[in-house]
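In: what's the 3D shape of this:
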Amino acid sequence: MSITEWVVNNAIKGGTRIICRIDYDELAKIPTQGPLIIVANHINSLDVPLMITHLQPRPITGLAKVETWDNPIHNFLFTMWKAIPIRRGEADMQAFRQAKEALENKQILVIAPEGTRSGSGQLQTGKPGLAMLAGMSKAPILPLAIYGGEKLSENMRRLKRTDFHIRVGDIYQLVENIDIRDKEVRQLITDEVMYIIAELLPEPYRGVYSSPYLTYQYLKKLSPGTE
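Out: Numbers count the residues shown, from 1 in each chain. Model prediction:
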């Protein structure tokens, strides 16, 4: 890590500690080694810098919409963090190859299947690309839920700290013999992961995944120590 990276990352880490109360006990549940796909919901621009800086020194990257690099500040940060640009709405195979390579190098890869910030914190429909990557890489999947960050702007105006809640789920892997070429199957796999995230969230945040539906048809829970 360069001096610039060290200074910027620690400044963000320290700043988020000041403005937020963070669930460090939950972050400690995330494995410290081996490839891992963290699948999380996405509320606002606080999510990414907080998660990246607080999970270091673990090698971590993530998929981010290519438009992120249009903003000079975001361009600097996401380039420094070696984030992977992805073109939304199409099968961006270059991004998938980069993501698969990161997992082969035993990095954490963070994915937000909703594809955009919700703002309100309520879950939106997940996109099916997650299933393709999980199927190609065979990497374990860790559902992770965050909430509370949607109150950041309001709390800052009131000079109040924000409770940034994190809930870490169990680790899963796709069951064998799934045809991930089938778009409907890919969507069902993503929905299954999103329903697990919904279960980790308080009911008002569950959004389109409010109705009970969790069959574990496509996911199997890994035993501790097998990830």
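In: and the contacts of the worst-scoring helix or strand of the chain on mean pLDDT?
Out: Every helix and strand of the chain was ranked by mean pLDDT, DSSP states H and E. The lowest is helix 129-137, at a mean of 89. When contacts are defined by CB atoms under 8 Å, 6 or more residues apart in numbering, helix 129-137 is touched by residues 35, 37, 39, 86, 91, 96, 99-100, 103-104, 109, 111, 113, 141, 173-174, 178, 180, 185-187, 189-190, 193, 218. Using the backbone N, CA and C atoms, a C-beta is placed for each residue, glycine as well.
In: what's the closest non-adjacent residue to residue 215?
Out: residue 192 (7.2 Å; CB to CB, 6 or more residues apart in numbering).
In: can you classify that neighbour as helix, strand or coil?
Out: Assigned by DSSP: H, G, I helix; E, B strand; the rest coil, the conformation of residue 192 is helix.
In: ok, it touching residue 216?
Out: Yes - using CB atoms under 8 Å, residue 192 is in contact with residue 216, at 7.2 Å.
In: what about those two, which has more around it?
Out: Relative neighbour count places residue 192 above the other of residue 192 and residue 216, with 22 against 12, counting by other CB atoms under 10 Å.
In: quick one: contacts for the more buried one?
Out: Residue 192 touches 214-219, counting by CB under 8 Å, 6+ apart.
In: next: residue 100.
Out: 133, 136-137.
In: which of these are buried?
Out: For these, a burial check counting by 16 or more other CB atoms under 10 Å picks out 133, 137.
In: pick the one among the contacts of residue 100 closest to residue 158.
Out: Closest approach to residue 158 among these (CB to CB): residue 133, at 40.2 Å.
In: what sits closest to residue 206 if chain neighbours are left out?
Out: residue 198 (4.3 Å).
In: what's the answer for residue 146, then?
Out: residue 166 (5.5 Å).
In: repeat for residue 172
Out: residue 219 (4.3 Å).
In: tell me the confidence at that neighbour?
Out: Listed pLDDT for residue 219 reads 93.
In: swap in residue 64?
Out: 90.
In: cool, the one 4 residues further on as well?
Out: pLDDT, the model's per-residue confidence, is 90 for residue 68.
In: now do the SS call for it.
Out: Here residue 68 is helix, with the state taken from three-state DSSP.
In: number the chain from 3, please
Out: Will do, 3 is the new start, and the previous item becomes residue 70.
In: name the SS class of the closest residue to it other than its chain neighbours, please.
Out: Spatial nearest neighbour of residue 70, excluding adjacent residues (CB to CB, 6+ apart): residue 76 at 4.9 Å. The local conformation at residue 76, judged by three-state DSSP, is helix.
In: then residue 168?
Out: Assignment for residue 168 (three-state DSSP): strand.
In: so it sits against residue 30, correct?
Out: No - shown here, residue 168 and residue 30 do not form a contact pair, counting by CB under 8 Å, at 10.2 Å.
In: mind checking which of the two has more residues around it?
Out: residue 168 (23 against 9).
In: check contacts around that one.
Out: 24-25, 28-29, 146-148.
In: most neighbours among the residues you listed, please name it.
Out: Tallying neighbours with other CB under 10 Å puts residue 148 at the head of those, with 26 neighbours.
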